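Visitor: what follows is a predicted protein model with its sequence.
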Amino acid sequence: MEIGTQFKIKDKFRLEASIGYSPLVNVEDEDHHLLRSKVSEGDCDGDAILLSLEGRYDFLSHWFLTLQLDYMTIDTDGKQKQYTYGEWTATIDQEIESEQIFTVLAVGYAF
């Protein structure tokens, strides 16, 4: 789910913003430790939040400046099963978190 808006000021400046949320995030993780012959398999569920902000300024007839910022955070938890030499050895709680930030500053020419 995402909702966004756009503002335009005097045909020179534009601002776009959005916020999103996903309650359905699924992560499957498989880690192989070759030297110990150990395999860990994780299965986690969680949610994600997304934010976006972009501004554009038209400073000459065809030239523009753009600044963009995107942010995403993902938070999941679940279980991890561990196998050593093919035999199940343990099941532990697993939590996976990710945070990503993307920025762009650009000058462009529209024709």
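Guide: Nice, I can see it.
Visitor: tell me where the protein has strands.
Guide: For the chain, the strands defined by DSSP state E cover 2-9, 13-33, 38-58, 63-84, 87-109.
Visitor: got the contact list for the most centrally placed residue in the chain?
Guide: Computing the C-alpha centroid of the chain and ranking residues by CA atoms, centre = their mean puts residue 72 first, at 3.8 Å. Taking CB atoms under 8 Å, 6 or more residues apart in numbering, we find residue 72 in contact with 48-51, 98-100. Glycine gets a C-beta too; all of them are placed from N, C-alpha and C.
Visitor: ok, it to residue 59 distance?
Guide: Noted for residue 72: a distance of 30 Å to residue 59, by CB to CB, to the nearest Å.
Visitor: same deal with residue 34?
Guide: Distance of residue 34 to residue 59, given as CB to CB: 56 Å.
Visitor: higher neighbour count, the two?
Guide: residue 59 (10 against 7; other CB atoms under 10 Å).
Visitor: got the phi/psi numbers for that one?
Guide: Torsion angles at residue 59 (phi, psi; degrees, to the nearest 10) stand at phi -100, psi -20.
Visitor: dump the residue contacts of the closest residue to it other than its chain neighbours.
Guide: Nearest residue to residue 59 in three dimensions, chain neighbours excluded: residue 65, at 6.2 Å (CB to CB, 6 or more residues apart in numbering). Applying CB under 8 Å, 6+ apart to residue 65 gives the contacts 56-57, 59, 105-108.
Visitor: one more pass at 10 Å, please.
Guide: 13, 55-59, 105-108 (CB atoms under 10 Å, 6 or more residues apart in numbering).
Visitor: contact partners for the residue lying closest to residue 111 once chain neighbours are set aside?
Guide: Among residues not flanking residue 111 along the chain, residue 62 sits closest, at 6.1 Å (CB to CB, 6+ apart). When contacts are counted by CB under 10 Å, 6+ apart, residue 62 touches 108-111.
Visitor: now neighbour count too, for those, in CSV please.
Guide: Shown next, in CSV, are the contacts of residue 62 (neighbours: other CB atoms under 10 Å):
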residue, neighbour count
108, 11
109, 8
110, 8
111, 3
